[in-house]
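Q: My questions are about this predicted structure, shown below with the sequence.
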Protein chains: 2
Amino acid sequence: MPDSQTKTDSRAPRLLLDLEAGPAGPLNDRLARALREAIRGGRLAAGAALPPSRVLAAELGCSRWAVTEAYAQLAAEGYLEATVGSGTQVRRLAAAPPPRRPGAAVPAPAALLDLAPGLPDLRAFPLRGWLAALRAAAAGLPSAELGYPDPAGHPRLREVLAGYLNRVRGARADPASVTVTTGATDAIGRLCAALRGRGGRAVAVEDPGWHRIRQVVAAAGLEVVPVPVDDEGLRADRLDGRTGAVIISPAHQFPTGTVLSAARRAALLAWARSAGGLIIEDDYDAEFRYDRRPVGTLQGAGPPFVALVGSVSKTLSPALGIGWMVTPPGWAPEAGHPAGPPVLDQLAFAAFVDSGGYDRQLRACRRSYRDRRDALAAALATRLPEARVSGAAAGLHLLVHLAAGADAGAVAARARAAGVRVVSLDAYQVEPGPPGLVLGYGNLPGHQVEAAVDRLTAAVRSAR
Amino acid sequence: MPDSQTKTDSRAPRLLLDLEAGPAGPLNDRLARALREAIRGGRLAAGAALPPSRVLAAELGCSRWAVTEAYAQLAAEGYLEATVGSGTQVRRLAAAPPPRRPGAAVPAPAALLDLAPGLPDLRAFPLRGWLAALRAAAAGLPSAELGYPDPAGHPRLREVLAGYLNRVRGARADPASVTVTTGATDAIGRLCAALRGRGGRAVAVEDPGWHRIRQVVAAAGLEVVPVPVDDEGLRADRLDGRTGAVIISPAHQFPTGTVLSAARRAALLAWARSAGGLIIEDDYDAEFRYDRRPVGTLQGAGPPFVALVGSVSKTLSPALGIGWMVTPPGWAPEAGHPAGPPVLDQLAFAAFVDSGGYDRQLRACRRSYRDRRDALAAALATRLPEARVSGAAAGLHLLVHLAAGADAGAVAARARAAGVRVVSLDAYQVEPGPPGLVLGYGNLPGHQVEAAVDRLTAAVRSAR
């Protein structure tokens, strides 16, 4: 602290400011920071008068400019105000109305073991690699790129995604057919809006299937037509000319884990060709296939009939808000539709894919997910040998079939009470079906697998 | 290059790989990068066979693991494939269909001098400060924050925004009343959707006004009711019970530049109270007021009747995709509505505001915009003394009134031909009005002001 014992001002409180706290920098910045902290911490109360700049400058042994600059900065931030005749004061604010709804706080780290589907391993997110990609994207960014973004996505990311999807997912995309979105549901929502704009009225969805897809279809003002899924995937023979589109996850169906059979792939394309319908291919989980090569996309087999949809929500994190779609001619969104992700994030993702960082991350995750799946399957085979397990060849979840007549909802509730989160299959069903549990292992640390299955086993046994 | 003259493999081409290009790192990473570049550059053509890993490892004098790892990485990226009996090859890809629409390239740096409204000074974007804020947001980020984001926005940013808007914009917000959006039009779109969900049918907008707002209202399925603007702002007496909401920019109306008068503010609040209507306050440009203190928000005067909407599009950059709204009880968006910006961006913006960086930027911009406005007004007064100028007290644009009967559209076209972009007032009008030109100086470098006004003057004179 500077020596300032000899000077005081009768109008103002003595300011005890710690100018050395926080990062180094110009004195005016450090002074502004110290004043801000003093006001936030209540040491400088609302209405309190500050010393005249001349006095504080003398006390601190600094230029008067540094003090007036700090005062001006805090006035701009709304902490201080100048009143004619009264100098500079801490502002009094009208009290904000009391909170009306409980603040939606970040969920506390759950004591529950998490076997619910929907999340990848958040602990594995490559934060350093992502920050490096952001820096790479920012380096040499022309200022014109900071204007209004291209609503279809940044041309650079569209180019990188087209190449990537062609190489890795067997797609047939060119940059002009790619739209960058904020996620898969955003893409599906835009396609539904386009369908409705063409006079479409109904969309077929897999049953069972991911509930958010049904919500997005309904929110677009379209009828949701559930179509059953069997061992070969969606029952393509149930589609007719009434539905303008069908949304499927051929690589690894959620939640059954089925891979769409070759016959069904052909049947779907035949339906699209004859009925003029659009196949919306949700390439969910395709990146994580453990036992053989991933299946190529339907889009690659029939580009004019398929819109391919994907995102990083299951490969990196849903918090990134990055997705895409490859659309046939005529299905690209109209101008004026909402913009995609922030430009810097788009360019960072392009750099991340282009440098091989994305695939490095996928390979590392694939290994660790496969180990976790093996551990989960082994634990289930040992402890619940009577339960059939399916859908484990890929993805981040598997399906445990319960005995006919079992109450899967009750099992899930008991499991939750015993400290493990699982979801009953019927949460994803429109038409009732046989009882089952959907077990997601993406976000469950490997060392918790055995404990989670122990608790689950106890719940299954006690619910009988 | 390692010495490998002595060993070759008859099946494979000699690989000339530059393992020293690019950043240092493990040999497998450098090898993968060199192979990737060779494939992309065409030096390794589709179908070309790669040396067996044993051979290449011997050639390079490295472990076989490094080679198989590099091959595996490039196989994951789709550049290589392994065929039984043929070893590792460069993959042949199905040709992508030819581009169907011209790639929406980044607009080339225009030779035009830019006096069109809509953009802030993109050259002034604090890229280093923003990257520092991203790093600060990432430091110590708990992995749970990388899950699905709170659709209302990250609690930390909502808290920071509530405090900021209360201090700086005279709002009365608490964190629970704040929703983070991807921009002002996103916020307006959500409010329109909510209005429609309540059975609302029509929304009043300012005429003249920003055309995007009319588009957003119409896209929500609501009728657009234009209400005239005079010298005191929106004609509040023209509102009736038919319109469920009115969208206004009281701080600095676009494009007239009018500040809503105290009498009109009171009349608007009275309308909202008696008709049960919602005032949507677009706090557009409020940060840039040059001649006196910014006007406090209407929201602060009547929190139950006003939704306050803002964004960083005019203060930092539209490419960031960050906006917000403060809503009265009952107007907060439903669960399941689209998510806001990526979590890291939200936390970065919170850190940027919280550290004073946002206001530092605003203060710097305010000074430079004021200088530019002064230069523009002076140049107009000298060269076009007969033209009245209005709306210059704030914001990033002003309005030049042309002589009655002048064809503003023709002037704008001639100006464009002469190398300066300006927009005719009638581009923003629903009902025809007196002729004028809207001049935006946000994105025009200060040294171009005189040249732009020279060209504009010539266009006005020649269009007579």
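A: Okay, I see it. None of these values were measured; they are calculated from a predicted model.
Q: For the stretch 51-200 of chain A, just list every one of the helices.
A: A:53-60, A:64-76, A:127-138, A:155-169, A:184-197 (DSSP state H, counting those that start in this stretch).
Q: actually the stretch 251-400 of chain A, not the one I wrote
A: A:262-275, A:298-301, A:343-354, A:357-383.
Q: A:A459 in helix, strand or coil?
A: When classified by DSSP: H, G, I helix; E, B strand; the rest coil, A:A459 comes out as helix.
Q: now the helices of the stretch 251-400 of chain A in TSV, with distance to chain B, mean neighbour count and mean pLDDT?
A: To be clear about C-beta, it is placed using only N, CA and C from the backbone, and glycine gets the same treatment. Shown next, in TSV, are the helices of the stretch 251-400 of chain A (distance: least, C-beta to the nearest C-beta, whole Å; neighbours: other C-beta atoms under 10 Å in any protein chain shown; pLDDT from 0 to 100):
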stretch	distance to chain B	mean neighbour count	mean pLDDT
helix A:262-275	16	17	95
helix A:298-301	7	22	94
helix A:343-354	4	25	97
helix A:357-383	4	18	94
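Q: so what's A:V259 scoring on pLDDT?
A: On pLDDT, A:V259 comes in at 89.
Q: That one and A:V229 touch, don't they?
A: No: the pair A:V259 and A:V229 fails to qualify as a contact (C-beta atoms under 8 Å) at a distance of 11.4 Å.
Q: I'd like the distance between A:R293 and A:V168.
A: Distance of A:R293 to A:V168, computed by C-beta to C-beta, to the nearest Å: 11 Å.
Q: do A:A251 as well
A: In terms of C-beta to C-beta, A:A251 sits 12 Å off from A:V168.
Q: Relative to chain B, which of the helices of the stretch 51-200 of chain A is closest?
A: Chain B lies closest, by C-beta to the nearest C-beta, to one member of the helices of the stretch 51-200 of chain A: helix A:155-169, at 2.6 Å.
Q: Pull the distance from the closest one to the chain's centre.
A: Relative to the centre of its chain, helix A:155-169 is centred 20 Å away, using C-alpha atoms, centre = their mean, to the nearest Å.
Q: Is that helix in proximity to chain B?
A: Yes: counting by C-beta under 8 Å from any C-beta of the partner chain, chain B is contacted by helix A:155-169 at A:155, A:158-159, A:162, A:164, A:166-168.
Q: which helices and strands sit right next to that helix?
A: Under the contact definition 3 or more C-beta pairs under 8 Å, 6 or more residues apart in numbering or on different chains; DSSP states H and E, helix A:155-169 sits against strand A:178-181, strand A:306-311, strand A:323-326, helix A:343-354.
Q: So what sits opposite the residue nearest to A:A387 when sequence neighbours are not counted in the bridge?
A: Of all residues not flanking A:A387 in the chain, A:V400 sits nearest, at 5.1 Å (C-beta to C-beta, 6 or more residues apart in numbering or on different chains). Counting by DSSP bridges, A:V400 is bridged to A:V389, A:L437.
Q: Need the residues touching each of A:V259 and A:V229.
A: A:Q253 (C-beta atoms under 8 Å, 6 or more residues apart in numbering or on different chains).
Q: Neighbour count for these two, which is higher?
A: A:V259 (25 against 22; other C-beta atoms under 10 Å in any protein chain shown).
Q: Show me what A:A202 bridges to in the sheet.
A: A:E223.
Q: dump the residue contacts of it.
A: A:222-225, A:242-244.
Q: can you pull the pLDDT of the residue nearest to the spatial centre of chain A?
A: Centroid check for chain A by C-alpha atoms, centre = their mean gives A:P318 as the closest residue, at 1.5 Å. If you check A:P318, the pLDDT there is 95.
Q: cool, and A:A108?
A: You'll see A:A108 listed with a pLDDT of 42.
Q: okay, the helix or strand bottoming out on mean pLDDT in chain A in CSV with CA atoms only?
A: Least confident helix or strand, chain A: strand A:80-83 with a mean of 83, by mean pLDDT, DSSP states H and E. The C-alpha coordinates for strand A:80-83 follow below in CSV (Å, rounded to 0.1, in the frame of the first residue of the first chain):
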residue,chain,number,x,y,z
LEU,A,80,-20.3,5.2,-9.8
GLU,A,81,-22.1,8.4,-10.7
ALA,A,82,-21.2,12.0,-10.7
THR,A,83,-23.7,14.5,-9.1
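Q: what distance separates it from the middle of the whole chain?
A: Counting by C-alpha atoms, centre = their mean, strand A:80-83 comes out at 43 Å from the chain centroid.
Q: buried set for it?
A: A:L80 (16 or more other C-beta atoms under 10 Å in any protein chain shown).
Q: That strand and chain B in contact?
A: No: using C-beta under 8 Å from any C-beta, strand A:80-83 stays clear of chain B, coming no nearer than 9.4 Å.
Q: With stretch A:317-329 instead?
A: Yes: judged by C-beta under 8 Å from any C-beta, stretch A:317-329 comes into contact with chain B at A:317-322, A:329.
Q: What residues does the stretch 151-300 of chain A have near chain B?
A: A:152, A:154-155, A:158-159, A:162, A:164, A:166-168, A:170, A:172-177, A:182-183, A:186, A:189, A:212, A:215, A:219, A:300.
Q: filter those to the buried ones?
A: Looks like these have A:152, A:154-155, A:158-159, A:162, A:164, A:166-168, A:170, A:172-177, A:182-183, A:186, A:189, A:219, A:300 buried, using 16+ other C-beta under 10 Å.
Q: mind showing which ranges of chain A have poor pLDDT?
A: A:1-16, A:94-110, A:333-337 (pLDDT under 70).
Q: Kindly recompute the last result at 80.
A: In the predicted model, chain A carries pLDDT under 80 at residues A:1-24, A:83-86, A:93-111, A:140, A:285-287, A:291-295, A:332-339, A:464.
Q: per-domain residue ranges of it.
A: A:27-90, A:113-119+A:360-462, A:127-355 (automatic domain parsing).
Q: any idea which of those domains is most buried?
A: Most buried of those by mean neighbour count (mean count of other C-beta atoms under 10 Å in any protein chain shown) is domain A:127-355; its value is a mean of 21.
Q: which phi and psi does the spatially closest residue to A:V438 that is not a sequence neighbour have?
A: When the adjacent residues along the chain are set aside, A:V438 lies closest to A:P255, with 4.4 Å between them (C-beta to C-beta, 6+ apart). Torsion angles at A:P255 (phi, psi; degrees, to the nearest 10) stand at phi -100, psi 0.
Q: Could I get the contacting residues of A:P255?
A: A:117, A:208-210, A:391, A:397, A:399, A:425, A:428, A:438.
Q: Would you check how far apart it and A:L122 are?
A: 21 Å.
Q: quick one on the thing from earlier: the least confident helix or strand of chain A pairs with which strands, parallel or anti?
A: As assigned by DSSP bridges, strand A:80-83 forms pairs with strand A:87-90 (antiparallel).
Q: what sits up against the partner strand?
A: Under C-beta under 8 Å, 6+ apart, the answer for strand A:87-90 is A:11, A:39, A:44-50, A:52-53, A:71, A:75, A:79-83.
Q: let's go with 10 Å and repeat that
A: A:9, A:11-12, A:35, A:38-39, A:44-53, A:55-56, A:67-68, A:71-72, A:74-75, A:79-83 (C-beta atoms under 10 Å, 6 or more residues apart in numbering or on different chains).
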